[in-house]
Each structure stands twice: as C-alpha cells, then as structure tokens.
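K.L.:
Have a look; sequence and predicted model below, questions after that.
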Amino acid sequence: MAVREILQLGNQKLYQKSEEVKKDELDEIKRVIDDMHDTIMDFRERYNFGRAIAAPQIGVFKRVIYMHIGTSIPIINPRLVDMSEEMMEVWDNCMSFPDLMVNVRRHAKGKIIYRDPDWNEQDLVLGGDLAELLQHEYDHLDGILATQRAIESKSFALKSEFDKIKEKV
C-alpha cells in the first residue's frame with residue numbers, strides 16, 4: 001500500500017478514457033484500491049476534503065472508483081443507469097485541482113451498477129450528494145473533468161473565495 005501522486009489539472013493524461021477491468025486483473029486491482037485508500041486518506045489530512053477518487057487520477061487507466069464515506073466502497077466497472085431528467089446545480093471540487101471550485105449541473109438521481117472486489121455485481125441508488133459525487137468520479141473514467149462541465153464562463157472560484165461566500169450565507 002502506498003500514497004500515490006494525484007495527477008493535477010493540466011496533465012493531459014486526465015483526459016484519457018479508462019479501460020474496463022477484466023476478472024483476471026483483480027489481484028492487481030485490489031492493490032490499486034489499497035493505494036487509492038491510502039491516497040485519499042493522505043489527501044484528506046492535507047486538504048480537509050475528499051470522499052472518492054478515480055483510478056485515472058493516480059495514473060491507472062482502469063474503470064475503478066474508490067469511495068470512502070464512513071465505510072470503504074470499491075467500485076469496479078461502474079455503469080450509470082436510470083439517470084433522472086431532473087438536474088441539480090452544485091459547486092464541485094476535485095483532488096486534481098484542490099484549490100478550484102466549479103459550478104456544474106448533475107443528474108439529481110440515478111443508479112450505479114458495478115462489481116465489487118469479489119466480482120459480485122452490486123448497485124447503489126443515487127440521490128443528492130451521492131449522485132453528484134459518483135457522477136464526478138464516473139466522468140474521470142471517461143476522461144472528463146468538472147472544468148469541462150462548467151455551466152458558464154463565470155462558473156469558477158478559488159476555494160478561498162468560495163469559502164468566504166459560504167460564510168456570508
């Protein structure tokens with residue numbers, strides 16, 4: 001297990017589409033998941049945020065998301081389905097640009113179907129913060145960053161300025 005370097009905005013590798021995990025790659029992927037855990041925990045200590053990370057953010061171009069929201073949830077080969085027509089507007093942050101907030105639109109509800117590390121099929125119903133979070137991470141698997149989903153040209157704020165705005169509300 002190791003803390004991996006997180007690719008940062010401007011690194012062209014972040015725009016690369018990831019490949020599906022094959023069942024015979026599970027041993028290797030379990031090691032990657034361990035590294036994703038260590039990396040997200042290290043990031044949280046330094047930046048005080050971070051609930052999930054996608055494998056491409058650490059330079060592994062496989063369709064894997066690791067989410068840690070009180071419990072660890074490794075997500076292999078996810079598929080988003082039944083996404084609502086209803087959209088929500090959110091200010092998105094990202095480990096690949098920790099000092100930048102981006103205003104984006106995401107589906108308000110949906111479902112994600114995936115494999116767990118034992119190759120069993122699982123699913124999660126998505127709504128609210130969970131819907132936003134997993135759509136963000138899923139985008140990473142397709143080489144899409146929140147900056148590409150910005151609602152308009154004024155949809156960006158430095159985290160320090162965004163925090164000031166939140167304090168006034």
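P.N.:
Received, thanks. Note that the coordinates shown come from a computational prediction; the quantities given were computed from them, not determined experimentally.
K.L.:
what's next to the strand or helix carrying Tyr114, contact-wise?
P.N.:
In this assignment (DSSP states H and E), Tyr114 forms part of strand 109-115. Residues from elsewhere that reach strand 109-115 (Cβ atoms under 8 Å, 6 or more residues apart in numbering): 21, 65, 75-84, 86, 121-127, 131, 134-135, 138. Every residue, glycine included, has its C-beta placed from N, CA and C.
K.L.:
So how do I select the buried members of those residues in PyMOL?
P.N.:
The following PyMOL line selects those of these that are buried, judged by 16 or more other Cβ atoms under 10 Å:
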select buried, resi 21+65+75+76+77+78+80+83+124+126+131+134+135+138
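K.L.:
In helices, which of the contacts of strand 109-115 fall?
P.N.:
Judged by DSSP state H, the contacts of strand 109-115 include 131, 134-135, 138 as members of helices.
K.L.:
which one among the residues you listed gets closest to Glu161?
P.N.:
Closest approach to Glu161 among the ones in helices among the contacts of strand 109-115 (Cβ to Cβ): Gln135, at 24.5 Å.
K.L.:
Please list all residues in contact with the closest one.
P.N.:
Counting by Cβ under 8 Å, 6+ apart, Gln135 touches 80, 106-107, 110, 126.
K.L.:
Distance check, it against Lys164.
P.N.:
According to Cβ to Cβ, to the nearest Å, Gln135 and Lys164 sit 27 Å apart.
K.L.:
go on, Arg149?
P.N.:
Applying Cβ to Cβ to Arg149 and Lys164 gives a distance of 24 Å.
K.L.:
now swap in Arg105 and tell me
P.N.:
Taking Cβ to Cβ, one finds Arg105 at 24 Å from Lys164.
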